[in-house]
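Quick one: sequence plus predicted model below, questions after.
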Amino acid sequence: MAYRIEWQDERGACIERYAGIEFRLNLNKVAPAGSACLRFIDSYGNTIFNLRQIAALENELLDAYDRATESELAEQLAELLKFVRLHKGHMNRYLKFTGA
């Protein structure tokens, strides 16, 4: 499975698409215990995070990165964290994951 990940505006128009390492892992399987966001990313559908949820998602990705034991997984999570931080804190921005 691969995800298409993009930042969108309030109308759903793509602002920027993730062009880093292709994600082929099931993100909800690397979610920390008690995850509020990461465990709900749908591998086969759409998941959209708003401004407040993105802060929680970033923390969960950072936790997953810190716990990663495989270098490939750590590299993928680091690339995703960079992308998440690009537009973090901007009003009317949404992070959309589309599963395949």
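Great, that's in hand.

Near Glu60, how many other residues are there?
Burial of Glu60, expressed as a neighbour count using other CB atoms under 10 Å, amounts to 20. Glycine gets a C-beta too; all of them are placed from N, C-alpha and C.

Break down this structure into its strands, ranges please.
For the chain, strands defined by DSSP state E occupy the ranges 3-8, 14-17, 46-49, 94-99.

Now render those as a markdown table, adding distance to Leu38, mean pLDDT and mean neighbour count.
What follows is the strands of the chain, written out as a markdown table (distance: least, CB to CB, whole Å; pLDDT from 0 to 100; neighbours: other CB atoms under 10 Å):
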| stretch | distance to Leu38 | mean pLDDT | mean neighbour count |
| --- | --- | --- | --- |
| strand 3-8 | 12 | 94 | 19 |
| strand 14-17 | 20 | 96 | 12 |
| strand 46-49 | 10 | 96 | 16 |
| strand 94-99 | 10 | 94 | 19 |
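
Figure out which of the ones you listed is closest to Ser71.
Comparison of the strands of the chain against Ser71 by CB to CB identifies strand 3-8 as nearest, at 20.1 Å.

Where does pLDDT dip in the chain?
Judged against pLDDT under 70, the low-scoring parts of the chain cover residues 1.

Next one: Lys96 relative to Leu81, how far apart?
If you measure Lys96 against Leu81 using CB to CB, to the nearest Å, the figure is 17 Å.

one step back: what would the strands of the chain look like in a markdown table with distance to Ser35?
Rendered in a markdown table, the data for these read as follows (distance: least, CB to CB, whole Å):
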| stretch | distance to Ser35 |
| --- | --- |
| strand 3-8 | 17 |
| strand 14-17 | 25 |
| strand 46-49 | 13 |
| strand 94-99 | 14 |
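
wait, which of those is closest to Tyr65?
Of all these, strand 3-8 comes closest under CB to CB, at 15.9 Å.

Now do that closest one against strand 94-99, angle only.
Counting by axes from the mean of the first three to the mean of the last three CA atoms, to 10 degrees, strand 3-8 lies at 160 degrees to strand 94-99.
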